[in-house]
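1. After the sequence you'll find the predicted model.
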Amino acid sequence: MERVRAELTIEIARTPQDVFAYLTDVSNLPLWQAGVKSATLRNGLVEESRSLLGRQLKTSLEIVEQDEPRVFTLRALDSPVPFTVRHELEPANGGTRLTVTAEGNVPGFAAGLLARRAEKQFRTDFERLKQILES
């Protein structure tokens with residue numbers, strides 16, 4: 001297994017409270033994350049259904065940290081690739097600077113390819129989040 005890390009920082013012209021509220025409302029996930037078909041919050045877990053590389057995946061994500069409106073961290077419990085995603089929000093230029101860090105363990109042979117693909121998708125998803133929040 002190889003440790004893979006992707007990080008992204010984006011500025012959104014909305015308050016940290018607004019961004020945090022939208023980000024943590026799991027019903028919004030299919031609107032801004034490619035591949036997510038549905039997401040619900042049940043017993044403190046985010047139950048997510050998504051298509052990835054032509055396959056349907058169901059993943060349970062544990063909310064590890066939730067400190068409104070500054071930090072929101074999720075950890076995948078039953079994913080083929082175990083990962084955590086940490087969202088850090090801070091006031092910046094009258095809006096919010098959102099830093100997102102995803103880390104996971106990937107089988108060695110696929111690590112580089114998967115990391116590049118994930119980072120590209122990450123960027124696209126968070127650009128869409130920014131567009132939605134600023135429109």
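-> Everything's here; your move.
2. Determine the number of other residues adjacent to residue 104.
-> Residue 104: 22 surrounding residues under other C-beta atoms under 10 Å. In this view, the C-beta of every residue, glycine as well, is placed from N, C-alpha and C.
3. what helix or strand does it sit in?
-> strand 95-106 (DSSP states H and E).
4. Could you give the bridge partners of residue 11?
-> Beta-bridge pairing for residue 11 (DSSP bridges): residue 97.
5. picking up where we left off before, what residues does the strand holding residue 104 touch?
-> Here strand 95-106 makes contact (C-beta atoms under 8 Å, 6 or more residues apart in numbering) with 1-16, 18-19, 23, 76, 81-91, 114-115, 118, 122, 126.
6. Against which helices or strands is the helix or strand that that strand is followed by packed?
-> Later in the chain than strand 95-106, the nearest helix or strand by DSSP H and E is helix 111-134. Packed against helix 111-134, as judged by 3 or more C-beta pairs under 8 Å, 6 or more residues apart in numbering; DSSP states H and E, are the following elements: strand 2-12, helix 16-24, helix 29-32, strand 95-106.
7. and helix 111-134 with strand 2-12, angle?
-> 20 degrees (axes from the mean of the first three to the mean of the last three C-alpha atoms, to 10 degrees).
8. Now tell me what touches helix 111-134 from outside.
-> 2, 4-6, 8, 10-14, 18-19, 22-23, 31-35, 81, 98, 100, 102, 106.
9. residues touching the residue positioned nearest the centre of the chain, list them.
-> Closest residue to the average C-alpha location of the chain: residue 85 at 5.7 Å, with C-alpha atoms, centre = their mean. By C-beta under 8 Å, 6+ apart, the contact set of residue 85 is 73, 74, 100, 101, 102.
10. got it, and residue 71?
-> 65, 86, 87, 88, 89.
11. ditto for residue 8
-> 99, 100, 119, 122, 123, 126.
12. Let me know the pLDDT of the second one.
-> Just to be clear, that refers to residue 100. pLDDT, residue 100: 95.
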